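S.K.: next come a sequence and a model predicted from it.
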Amino acid sequence: MKLKSADTRLIDLGGKTMVPGFVDAHGHIVMGGLQALSANLLPPPDGPGTDIAAIQNILREWWEANKETVEAVNLIIGFGYDQSQLKELRHPDRNDLDAVSKDIPVVIVHQSGHLGSLNSKALELINYTADTPDPVGGVIQRQPGSKEPNGVLEETALMAAVPKILKDVGPEGLKAFAEAGAELWSSFGYTTVQEGRAIPSLCKVMQAVAAEGKFKVDVVAYPDALVDRDYIKENVGTTYKNRYRLGGAKLSIDGSPQGFTAWRDRPYYAPVGNYPPGYVGYSAAPPEKFIETMEWAFANNIQTITHANGEAASDLLIAAIANATAKHGKADRRHVLIHGQFEREDQVDSFVRLGVIPSLFPMHTYYWGDWHREHTVGPELADNI
């Protein structure tokens, strides 16, 4: 009160406490909105998804409670299953989901968002067959002794199929996802929220929601730079319009460590599934693409946020930023490492030297600490997270 003057405005909170607004360090509000509106397949303590039978029952109950929605969008959808927490220690496959429905597409999304499983009708919808090759940066898992898809899709194999899966959801449905996601984040005290991987069509949906005055928090989007650089360059900025702005570019070098799609510098410790000896995961695109795209970002003074979970992915991010820095100087671009689940000490030093901001994922140790110790990296490296 010693600083009080005649111009000071006093507000009595009536015994309540005011705290600063939280800024989302990395999130996906549209996918979060999908999660909020779909069947909750999360394992305990966040949901009832303990085994495949439970997953099937949850989907049936959600279908029964949302019959009009299912009929309108021609889709039964669930979010948050985690094979590492299921009693069977495997992904539900097309046969498991066919038991829910053979006539309506059924899609379930892994908790990481990097994998998913489809029933036969959904595979038919996206036209994935035994003749469909694995895309670059993704895997269509196959039935044993066959090339027939078993329903489980990894990384780009899932991402590329999403527009076809959601085709009957339409722009209005996507707007509902964006609104629900922003509402969910705001309920936890966030005042700035993030859509951490967008494409131009999704950005236009968020712009429309903003124009209707539906965002009561600030929303910042980072479109994928491997999809449409020109759109990013034309629309990036620091000023919000109707509480929305495009903040920079997203890059995704690898995938999910608990799903064994993160790109490591050594073999996974004891992966559960059909993996060859010495399996290290894989990159989402050819390495030279990331080197060249980071140089483009530096040349145009565009901030990047880069998903890199495994050590090999971080090595590539460090090489890309070092190369771009040598050509264009350091400046104040505030490049961000997203997740960085398995970092070596020398990589931490490199990120400090290059001025990279770490946006780490400490909740991994709560949800998957045992899984990392026993299957992904082993006890010694798990203790280093």
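M.R.: Received, thanks. If you're wondering where the values come from, they're calculated on a predicted model, not measured in any experiment.

S.K.: can you give me the domain assignment for this protein?
M.R.: Here the domain assignment for the chain is 29-165, 170-247, 252-382, based on automatic domain parsing.

S.K.: can you give me the end-to-end span of the shortest one?
M.R.: Separation of the first and last residues of domain 170-247 by C-alpha to C-alpha, to the nearest Å is 25 Å.

S.K.: report the distance from it to the chain centre.
M.R.: Counting by C-alpha atoms, centre = their mean, to the nearest Å, domain 170-247 is centred 15 Å from the centre of its parent chain.

S.K.: same check on stretch 355-364?
M.R.: Relative to the chain's own centre, stretch 355-364 is displaced by 14 Å; criterion: C-alpha atoms, centre = their mean.

S.K.: list the buried ones in it?
M.R.: 356, 359, 361, 364 (16 or more other C-beta atoms under 10 Å). C-beta here means a position set from N, CA and C on the backbone, and glycine is covered the same way.

S.K.: surely the first one is in contact with residue 338?
M.R.: So the one you mean is residue 356. No. Here residue 356 lies out of contact with residue 338, judged by C-beta atoms under 8 Å, at a distance of 10.6 Å.

S.K.: in the stretch 201-350 of the chain, which spans are strands?
M.R.: 218-223, 244-246, 249-252, 304-308, 336-339 (DSSP state E, counting those that start in this stretch).

S.K.: redo those strands as a markdown table? Include mean pLDDT, mean neighbour count and distance to residue 159.
M.R.: As requested, the strands of the stretch 201-350 of the chain are arranged in a markdown table below (pLDDT from 0 to 100; neighbours: other C-beta atoms under 10 Å; distance: least, C-beta to C-beta, whole Å):
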| stretch | mean pLDDT | mean neighbour count | distance to residue 159 |
| --- | --- | --- | --- |
| strand 218-223 | 98 | 24 | 14 |
| strand 244-246 | 98 | 22 | 20 |
| strand 249-252 | 98 | 26 | 9 |
| strand 304-308 | 98 | 27 | 12 |
| strand 336-339 | 98 | 24 | 16 |
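
S.K.: now render the ones you listed as CSV, adding distance to residue 101.
M.R.: Shown next, in CSV, are the strands of the stretch 201-350 of the chain (distance: least, C-beta to C-beta, whole Å):
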stretch, distance to residue 101
strand 218-223, 34
strand 244-246, 37
strand 249-252, 32
strand 304-308, 33
strand 336-339, 34
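
S.K.: do you know which of those strands lies nearest residue 195?
M.R.: strand 218-223 (4.4 Å; C-beta to C-beta).

S.K.: how far off strand 304-308 does the closest one point, in degrees?
M.R.: 70 degrees (axes from the mean of the first three to the mean of the last three C-alpha atoms, to 10 degrees).

S.K.: direction included, what does strand 218-223 pair up with?
M.R.: According to DSSP bridges, strand 218-223 has the following sheet partners: strand 190-198 (parallel), strand 244-246 (parallel).

S.K.: which ones are touching residue 321?
M.R.: Neighbouring residues of residue 321 by C-beta atoms under 8 Å, 6 or more residues apart in numbering: 294, 335, 354, 356.
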